[in-house]
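Q: Structure for this input, please:
(one chain, ligands or ions: 2)
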Amino acid sequence: MKQYKIGIIKGDGIGPEIVDEAINVLDAVAARFGFNFEYHEFLLGGAAIDETGVPLPEETLKGVQKVDAVLFGAIGGPKWDNLERHLRPETGLLGLRKAMGTFANLRPAIVYDELVNASTLKPEVVKGVDIMVVRELTGGIYFGKPREYTPNKAYNTMVYTKEEIERIAKVAFEIAQKRSKRVTSVDKANVLEVSQLWREVVEEVSKDYPDVELTHMYVDNAAMQLIRDPKQFDVIVTGNIFGDILSDAASMLSGSIGLLPSASIGSKVGLYEPIHGSAPDIAGQGIANPIATIASAAMMLKYGLNEIEAADTIDRAIKKVLADGYRTKDIAAFDAKEVVSTTEMGSIIANYVAKV
Ligand code: IPM
Ligand code: MN
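A: Ligands and ions are numbered 1, 2, ... in the order given. I've put the predicted structure just below:
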């Protein structure tokens, strides 16, 4: 029997509810494919602050090195919003990404046919959208030094080294080779030196991938093009903050941010999480959509454990629940046959995993 050790970080807000459903689905996958998942829980964010006083405890940092992959929910909430920056939940997450070395954040934006009406854009604009945003995750302005806050002046630094750009570009080109073979590199090279280097290095790396077509786009134009004609994109590769912003924008093509997963890879152990936040306003009500986290578990199987068939099975189960008209509240207005709770959605997907 194949044994996998999975790190579990439930986090705050809706985190525990949605991660529990992903575990449900993973158990169904284990039963069908004869795996044994051993779950190891770690604290991060607000939950860690409450328990240990810091957002990223030493035990979490050590623990995640000993597992095969980490599944994570979401962190943060108003309770911890007024803490000093180094104690905030978000600082814990950034520290974890950096410590794990997961420099490549893959954020697919897929429009499910069953939900084309859920988008705020016209169905003909979004039908068939299938974009992969490759966001650099452990560099750029999020981590650049110097950085400082004073009440009269504050600053951050956007910095990328050639090596950092090379390795993220390679990830993007390799992914593009398995897709439609088109990469759009997004920067602000008309204004920023850091983007000038970004563009030069991506251009250089592209020479090793002659089968992939590379175009460059300024980030403001890219934001506009994503809304105007999203189907022009296949793989988008970009830096940390531009990727943060563009992936939120791209997520809404699908109709709900509650649908979209992510994989943070590039090192031995990957981190898999929905792209949405902890949604404290709806926590504990049983209405959160667990699909983004369940789809993140599928990405974990695919990119982290190389269990492609198991990953595809989860993706098929998700498509089938949507085709059969099961909807959580966020997408209830769109061709619903039955509106279901977080736990019901998880159970139905788990059932389908056994069959599809
Ligand atoms: C994300 C989030 C995080 C980020 C926050 C919570 C630090 O918005 O994963 O996109 O900005 O990276
Ligand atoms: Mn974000």
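Q: And the pLDDT at M1?
A: M1 is assigned 87 on the pLDDT scale.
Q: Next, the contact list for it, please.
A: When contacts are counted by C-beta atoms under 8 Å, 6 or more residues apart in numbering, M1 touches 34-36. From N, CA and C alone the C-beta is placed, and that goes for glycine too.
Q: try 10 Å
A: 30, 33-36 (C-beta atoms under 10 Å, 6 or more residues apart in numbering).
Q: show me where the stretch 201-350 of the chain has strands.
A: 213-218, 235-238, 263-265, 270-272, 326-327, 338-339 (DSSP state E, counting those that start in this stretch).
Q: Run through the stretch 101-250 of the chain and note the low-pLDDT ranges.
A: Along the stretch 101-250 of the chain, the model assigns pLDDT under 70 to no residue.
Q: Can you tell me which residues in it are near ligand 1?
A: Within the stretch 101-250 of the chain, the positions near ligand 1 by C-beta under 6 Å from any ligand atom are D244.
Q: Nearest to ligand 1: which residue in the stretch 101-250 of the chain?
A: Closest to ligand 1 within the stretch 101-250 of the chain is D244: 4.6 Å, counting by C-beta to the nearest ligand atom.
Q: correct me, but that residue touches T238?
A: Yes. Between D244 and T238 a contact is recorded at 9.3 Å, counting by C-beta atoms under 10 Å.
Q: Now the common contact residues for those two.
A: 133, 135, 140.
Q: Out of these, grab the one that's most surrounded.
A: V133 (30 neighbours; other C-beta atoms under 10 Å).
Q: check contacts around it.
A: With C-beta under 10 Å, 6+ apart, V133 has these contacts: 105-109, 172, 184, 186, 226, 233, 235-238, 242-244, 246-251, 260, 262, 275.
Q: ok, now S180?
A: 130, 132, 212-213, 233-235.
Q: let's see it at 6 Å
A: By C-beta atoms under 6 Å, 6 or more residues apart in numbering, S180 lies in contact with D234.
Q: element containing the residue in the chain that ligand 1 sits nearest to?
A: Residue nearest to ligand 1 within the chain: E90 (4.0 Å; C-beta to the nearest ligand atom). Here E90 sits within helix 89-100, counting by DSSP states H and E.
Q: Where do the helices of this structure begin and end?
A: Taking DSSP state H, the helices of the chain run over residues 15-33, 46-52, 58-63, 89-100, 123-126, 162-177, 193-206, 219-228, 240-251, 291-299, 308-323, 342-353.
Q: what does the shortest one contact?
A: Under the criterion C-beta under 6 Å, 6+ apart, residues 111, 116, 119, 253 lie in contact with helix 123-126.
Q: Just flag the most distant two among those residues.
A: Farthest-apart pair in the contacts of helix 123-126 is V116 and L253; separation 10.0 Å (C-beta to C-beta).
Q: quick revisit: of the helices of the chain, which stretch is the most buried?
A: helix 291-299 (a mean of 27; mean count of other C-beta atoms under 10 Å).
Q: Which residues does it contact?
A: Residues contacting helix 291-299 (C-beta under 6 Å, 6+ apart): 18, 22, 25-26, 71, 258-261, 263, 272-274, 276, 311, 314-315, 318, 349.
Q: ok, is that helix in contact with ligand 1 or not?
A: No. Using C-beta under 6 Å from any ligand atom, helix 291-299 stays clear of ligand 1, coming no nearer than 11.6 Å.
Q: per-residue confidence for the closest residue to P55 other than its chain neighbours?
A: Excluding its sequence neighbours, the residue lying closest to P55 (C-beta to C-beta, 6 or more residues apart in numbering) is G92, at 2.8 Å. We have a pLDDT of 97 for G92.
Q: and what of G255?
A: pLDDT, read off for G255, is 88.
Q: Contacts only, for it.
A: Contacts of G255 (C-beta under 6 Å, 6+ apart): 115, 118-119.
Q: again, only this time at 8 Å
A: Contact partners of G255, counting by C-beta under 8 Å, 6+ apart, are 111, 115, 117-120, 331, 334.
Q: longest single strand anywhere in this structure?
A: Ranked by number of residues, the top strand in the chain under DSSP state E is strand 2-11.
Q: elements contacting that strand?
A: If you count contacts as 3 or more C-beta pairs under 8 Å, 6 or more residues apart in numbering; DSSP states H and E, strand 2-11 packs onto helix 15-33, strand 35-41, helix 46-52, strand 69-74.
Q: what do you get if the cut-off is 10 Å, keeping everything else the same?
A: helix 15-33, strand 35-41, helix 46-52, helix 58-63, strand 69-74, helix 89-100, strand 270-272 (3 or more C-beta pairs under 10 Å, 6 or more residues apart in numbering; DSSP states H and E).
Q: In JSON lines, list those along with distance to Q3.
A: Below are the helices and strands packed on strand 2-11 laid out as JSON lines (distance: least, C-beta to C-beta, whole Å):
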{"stretch": "helix 15-33", "distance to Q3": "10"}
{"stretch": "strand 35-41", "distance to Q3": "5"}
{"stretch": "helix 46-52", "distance to Q3": "27"}
{"stretch": "helix 58-63", "distance to Q3": "17"}
{"stretch": "strand 69-74", "distance to Q3": "13"}
{"stretch": "helix 89-100", "distance to Q3": "21"}
{"stretch": "strand 270-272", "distance to Q3": "18"}
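Q: Out of these, the one nearest Y218 is which?
A: For Y218, the closest of these is helix 89-100, at 26.1 Å, according to C-beta to C-beta.
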